[in-house]
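*Asks:* build me a model from this:
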Amino acid sequence: MANKSQTVELVKKTLPAVVSIVIAKNLPKLEQMPFDLFPFFGLPFDPRELYKNIPPEMLDEHGRVKVGGGSGFFISKDGLILTNKHVVADPRADYSVVTNDGKKLHAKVVARDPINDVAMLKVEGKSFPTIEMGDSSGLDLGEDVIAIGNALGQFQNTVSTGVVSGLSRNISAQAGMGEMTEQLRGVIQTDAAINPGNSGGPLINADGEAVGINAAVVFGAQNIGFAIPINAAKKAMADIKKYGRIRAPFFGVRYTIIDPVMQKRYSLPVDYGALVIPESTPGDFGVIPHSPADKAGILERDIILEVDGAKVTREKPLQDTIQQHEIGDKLRMKLLRKGKEMIATCVLEEMK
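*Replies:* Just a heads-up that it's a prediction; the model follows:
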């Protein structure tokens, strides 16, 4: 940041609203199993011995093993917390939060966005400090930002500064070592340090507003981190208030994007569009049965050339266009089927 005292004031203003998220699981109830059963399972030792040496700091107050951590921040005084979907992805885990003043609170996952890497938790209480959500669509390259989070799952209240290095990036990245690779679209690139465990923390602008949710770091690269634009969370929050859940438009095809390289390699008739084709998993469908695409008459091997007059390209893939629409919207699509162009009309439905 350009002004040191301004940075300090912004951190003081926003830090109280940032929380650490603790992920815990119950141990298997091995103590209830007689030892003579273990050789039956092919185990030459008593697995119960493994759990006697677990360090106390790896257990929560209920004796559950801490299996991970992340960050989040309050966006409402009554305890609504914003974080990443991948931080709270396990439905079998228990989640709790540690507030800036050290209070430990049980947290309930109230929503996971099926498209964006966004989720919301709820804790009981009132008058929590909050961070105001800004407008991520107004960000400029070079704009100063601050990333706050629970770095590496153990260094609470970690602060790093940087600038907006890129906008509307489409990446494949990991949120932490060993975690699954995620496809993130339209994200904010920043050189503010984002480490494993920072996931879910806020990316703050010079006005003290959250303009992003820290999401991922690219391993093997320096000073490259990514954040989900806060406007994606605004839509999710509006859905929760109105419907009690996050709603996303659903089309129902699996596809691969055609580009000039792919056209040449496979002798395709065009160098753009979305080729409807199943994935390699046996029994998979290119067109999901009973989906809006199925009802519109779209078939496997069709090439979706345009949606509402706009070409489908690698820079503007089909999924991005779907996400920009609302449930119930009617889309006019130009298709190429066996060398002939045709028009199909599809009505988007809610993703279940």
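*Asks:* got phi/psi on the residue nearest to Q189 when sequence neighbours are not counted?
*Replies:* With sequence-adjacent residues excluded and distances taken as CB to CB, 6 or more residues apart in numbering, Q189 is closest to G166, at 3.4 Å. All C-beta spots, glycine's among them, are computed from the backbone N, C-alpha and C. Per-residue torsions, G166: phi -160, psi 160 (degrees, to the nearest 10).
*Asks:* ok, how many other residues are close to G166?
*Replies:* Neighbourhood size, G166 [other CB atoms under 10 Å]: 14.
*Asks:* what does Y255 give?
*Replies:* Y255, neighbours per other CB under 10 Å, totals 24.
*Asks:* check the nearest residue to it once chain neighbours are set aside and give its pLDDT.
*Replies:* What sits nearest to Y255 in space, not counting adjacent residues and going by CB to CB, 6+ apart, is A274, at 4.1 Å. Per-residue pLDDT puts A274 at 94.
*Asks:* circling back: surely the residue nearest to Q189 is in contact with G186?
*Replies:* No. Taking contacts as CB atoms under 8 Å, G166 lies outside contact range of G186: 11.1 Å.
*Asks:* what's V276 sitting at in phi/psi?
*Replies:* Taking degrees, to the nearest 10, you get phi -80, psi 120 for the backbone angles of V276.
*Asks:* quick check, central residue of this structure?
*Replies:* D117 (1.3 Å; CA atoms, centre = their mean).
*Asks:* that one contacts K85, doesn't it?
*Replies:* Yes. Assessed by CB under 8 Å, D117 is found in contact with K85 at 4.9 Å.
*Asks:* so who does the residue nearest to A248 when sequence neighbours are not counted touch?
*Replies:* Excluding the flanking residues, the one nearest A248 by CB to CB, 6+ apart is M351, at 4.4 Å. Residues in contact with M351 (CB atoms under 8 Å, 6 or more residues apart in numbering) are 114-115, 247-250.
*Asks:* pLDDT wise, what is M351 at?
*Replies:* At M351, pLDDT is 81.
*Asks:* how about F41?
*Replies:* F41 is assigned 38 on the pLDDT scale.
*Asks:* next one: phi and psi at the residue nearest to A248?
*Replies:* Main-chain torsions, M351, degrees, to the nearest 10: phi -70, psi 130.
*Asks:* any idea how far G286 is from it?
*Replies:* 18 Å (CB to CB, to the nearest Å).
*Asks:* same thing with T7?
*Replies:* Per CB to CB, T7 is found 51 Å from G286.
*Asks:* who's more crowded, the two?
*Replies:* More crowded of T7 and G286, by other CB under 10 Å: G286, with 20 against 17.
*Asks:* isn't the more buried one right up against I277?
*Replies:* Yes. Counting by CB under 8 Å, I277 is a contact partner of G286 at 5.0 Å.
*Asks:* what do the two both touch?
*Replies:* Common neighbours of G286 and I277 (CB under 8 Å, 6+ apart) are 254-255, 300-301.
*Asks:* so which of the residues you listed wins on neighbours?
*Replies:* When neighbours are counted by other CB under 10 Å, Y255 leads the shared contacts of G286 and I277 with 24 neighbours.
*Asks:* chain center to stretch 227-236: distance?
*Replies:* On the basis of CA atoms, centre = their mean, to the nearest Å, stretch 227-236 is displaced by 10 Å from the centre of the chain it belongs to.
*Asks:* residues touching P229, list them.
*Replies:* Counted by CB under 8 Å, 6+ apart, P229 has contacts 136-137, 186-188, 211-212.
*Asks:* buried only: go through these for me.
*Replies:* 136, 186-188, 211-212 (16 or more other CB atoms under 10 Å).
*Asks:* what's the closest of those to S71?
*Replies:* Using CB to CB, G212 comes nearest to S71 of those, at 12.5 Å.
*Asks:* the closest one touches G225, doesn't it?
*Replies:* No. Counting by CB under 8 Å, G212 stays clear of G225, with 9.9 Å between them.
*Asks:* what touches both of these two?
*Replies:* Residues touching both G212 and G225 (CB under 8 Å, 6+ apart): T190.
*Asks:* which of the helices and strands in the protein ranks last by mean pLDDT?
*Replies:* helix 48-51 (a mean of 50; mean pLDDT, DSSP states H and E).
*Asks:* circling back to that earlier point, among the buried ones among the contacts of P229, which one has the lowest pLDDT?
*Replies:* G186 (77).
*Asks:* shaky segments in the protein?
*Replies:* Within the chain, the stretches with pLDDT under 70 are 1-4, 25-68, 114, 151-156, 170-185, 196-197, 216-223, 279-283.
*Asks:* those helices in the stretch 101-250 of the chain, which residues are they?
*Replies:* Assigned by DSSP state H, counting those that start in this stretch, the stretch 101-250 of the chain shows helices spanning 230-243.
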